[in-house]
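Novice: Output the structure for:
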Amino acid sequence: MQLEILTPEHQVFNGNVYGIYLPGVEGTFELLDMHAPLIASLGKGKMKVLKEKTGQTDVFEISGGFVEMLNNKATVLIEDATSME
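Specialist: Numbers count the residues shown, from 1 in each chain. Below you'll find the predicted structure:
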């Protein structure tokens, strides 16, 4: 699936991924390839980008925002992201 992560200042990530773990306001959830359409609020926590099925990941600390999943594209709009690597 296509993933784009944006803050008001810059683009954090743009590319194809296997899935993402997100900190929702009521708990962590996962979006995988071909997920149903969805809009959700995000809370403060760790967002994990699963680049491949082999386990390659990027981890970001986020401060809240929103995610939209539509037509196999996830768009994550957040206030700020700090890489955990």
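Novice: Please identify the helix or strand for Lys46.
Specialist: If you go by DSSP states H and E, Lys46 is part of strand 38-50.
Novice: now the very next helix or strand once past that strand against strand 38-50, angle please.
Specialist: Toward the C-terminus, strand 38-50 is succeeded by strand 57-70 as the next helix or strand (DSSP H and E). Counting by axes from the mean of the first three to the mean of the last three CA atoms, to 10 degrees, strand 57-70 lies at 160 degrees to strand 38-50.
Novice: in its sheet, what does strand 57-70 sit against?
Specialist: According to DSSP bridges, strand 57-70 forms sheet pairs with strand 38-50 (antiparallel), strand 73-78 (antiparallel), strand 81-83 (antiparallel).
Novice: Just tell me which of those strands ends up closest to Glu26.
Specialist: Ranking the strands paired with strand 57-70 by proximity to Glu26 (CB to CB) places strand 38-50 first, at 8.1 Å. In this view, the C-beta of every residue, glycine as well, is placed from N, C-alpha and C.
Novice: what's the offset of that closest one from the middle of its chain?
Specialist: 5 Å (CA atoms, centre = their mean, to the nearest Å).
Novice: Show me which positions of that strand end up buried.
Specialist: Leu42, Gly45, Met47, Lys48, Val49, Leu50 (16 or more other CB atoms under 10 Å).
Novice: Would you mind pulling the contact partners of it?
Specialist: By CB atoms under 8 Å, 6 or more residues apart in numbering, the list of residues contacting strand 38-50 from outside reads 3, 5, 13, 17-25, 28-29, 31, 56-69, 76, 78, 81, 84.
Novice: just to revisit the earlier point, could you dump the strands paired with strand 57-70 to a markdown table with distance to Glu9 and mean pLDDT?
Specialist: Converted to a markdown table, the strands paired with strand 57-70 look like this (distance: least, CB to CB, whole Å; pLDDT from 0 to 100):
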| stretch | distance to Glu9 | mean pLDDT |
| --- | --- | --- |
| strand 38-50 | 17 | 96 |
| strand 73-78 | 11 | 97 |
| strand 81-83 | 10 | 89 |
